[in-house]
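Trainee: turn this into a model:
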Amino acid sequence: MKFGTVPVGDAEGAILAHSAKVADGVIRKGTVLGTEDLRRLASGGVDAVVVARFEPGDLSEDAAAGRIADSLQGPGLRLGPASTGRVNLIAEAAGLVRVDAAAVSAMNAVDEGVTLATLADFMRVEADQLVATVKIIPYGVPSEVVDRAAAALGSASIRHLPFRGGRACLVLTRTAGFKDSLLEKGEAVVRDRVTALGYRLEEVAIVDHDTAAVAAALRGDADLTLILGASATSDRQDVAPAAVVAAGGSVERFGMPVDPGNLLFMGTLRGKPVVGLPGCARSPALNGADWVLERLAAGLRVTDADIAAMGVGGLLKEMPDRPHPRRPKRSS
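Mentor: Residues are numbered from 1 along each chain as shown. Next up, the predicted model:
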């Protein structure tokens with residue numbers, strides 16, 4: 001593409017690079033200048049304009065953006081219309097987005113005029129939410145650049161995993177003096193949390209905070225079993241994880257490098273996931289349990305290594321009602 005200043009008389013068919021004021025209004029940038037546009041410019045006393053002209057093999061910004069965006073479209077994702085060199089990729093349903101960061105970086109390294117911005121890997125999205133945007137910076141780029149950019153992306157560099165949900169059950173425990181209001185709040189918040197992920201909370205059991213009692217309540221016939229204890233789990237041998245083992249299951253991970261959410265544990269029972277929720281799950285605020293539940297709802301297996309990798313970015317917003325703030329108050 002050629003770009004530069006030319007006399008108005010030589011600008012026909014070129015793309016106006018900067019909006020120009022004329023006597024009867026404004027000629028917007030991006031306008032392909034025709035005879036009438038040149039007349040208006042000359043009448044307004046404009047002698048020269050900055051323009052862009054395509055060279056052989058160039059694609060317009062919209063055509064280039066569309067070709068790259070076509071390589072991103074997959075199940076659960078739709079493309080918006082091309083406009084001013086931009087095409088958006090949009091989620092069709094609630095779910096998680098998987099992004100191949102290496103492929104996106106490789107595409108963005110092909111040419112400075114071709115860009116792709118995406119959400120972070122494993123980001124939760126709702127229906128009609130923007131997932132990625134292709135933007136061509138100049139008014140046009142060589143077609144071979146576009147081809148190299150699309151090749152760098154490959155296939156399935158951005159994937160949408162819809163929430164599948166399923167049947168869920170919740171075991172709540174109580175200790176002496178534990179308020180009914182806390183049980184009710186815990187159930188309501190967990191119900192809202194899993195319903196938003198497509199789960200149906202079909203069974204809620206309230207039992208004593210005792211290993212045998214919890215184990216007896218763990219039937220393991222739901223797609224997801226949740227345990228929310230009256231007292232925080234502080235060890236693998238504590239009540240809730242010990243109950244999973246006593247019921248015939250296993251505990252694969254205790255603790256996670258996400259705060260709030262450190263005291264979560266993950267296990268399996270009869271081949272189905274069991275999640276021991278941290279106490280912060282009584283609040284609807286984002287915590288580490290959300291990251292685990294979102295992946296499970298999207299049909300992903302969550303491993304020990306997956307949870308260990310959550311530490312980068314795992315320092316979440318501090319909850320104002322935490323009893324032990326992470327930042328002690330300054331003494332005066």
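Trainee: buried sites along the lengthiest helix in the chain?
Mentor: Scanning the chain for the longest helix, with DSSP state H as the assignment, gives helix 180-195. Going by neighbour count (16 or more other Cβ atoms under 10 Å), the buried part of helix 180-195 is 183, 186, 187, 189, 190, 191, 193, 194. C-beta: built from backbone N, CA, C; applies to glycine.
Trainee: which strands and helices sit next to it?
Mentor: Here helix 180-195 touches strand 166-174, strand 199-208, strand 224-228, helix 288-297, going by 3 or more Cβ pairs under 8 Å, 6 or more residues apart in numbering; DSSP states H and E.
Trainee: now the second one: average pLDDT?
Mentor: If you average the pLDDT over strand 199-208, you get 98.
Trainee: angle of it against strand 166-174?
Mentor: 20 degrees (axes from the mean of the first three to the mean of the last three Cα atoms, to 10 degrees).
Trainee: and strand 199-208, what does it pack against?
Mentor: strand 166-174, helix 180-195, helix 211-217.
Trainee: before we move on, back to that, what residues does the longest helix of the chain touch?
Mentor: By Cβ atoms under 8 Å, 6 or more residues apart in numbering, the residues outside helix 180-195 that reach it are 165, 168, 170, 172, 174, 201, 204, 206, 224, 226, 228, 230, 277, 281-284, 289-290, 293, 297.
Trainee: buried subset of those as a PyMOL selection?
Mentor: This is the PyMOL syntax for the buried subset of the contacts of helix 180-195, where burial follows 16+ other Cβ under 10 Å:
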select buried, resi 165+168+170+172+174+201+204+206+224+226+228+230+277+281+282+289+290+293+297
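Trainee: which residues touch the residue nearest the centre of the chain?
Mentor: Geometric centre of the chain, nearest residue: residue 123, 2.0 Å, by Cα atoms, centre = their mean. For residue 123, the contacting residues are 96, 97, 99, by Cβ under 8 Å, 6+ apart.
Trainee: now do the phi/psi pair for the last one.
Mentor: Backbone dihedrals for residue 99, given as degrees, to the nearest 10, come out at phi -130, psi 130.
Trainee: before we move on, what about the first one?
Mentor: Dihedral pair for residue 96: phi -110, psi 150, per degrees, to the nearest 10.
Trainee: next, count neighbours for it.
Mentor: 24 (other Cβ atoms under 10 Å).
Trainee: that one touches residue 299, doesn't it?
Mentor: No. Using Cβ atoms under 8 Å, residue 96 is not in contact with residue 299, being 9.3 Å away.
Trainee: name the residues contacting each of these two.
Mentor: Listed contacts common to residue 96 and residue 299 are residue 161; contacts here mean Cβ under 8 Å, 6+ apart.
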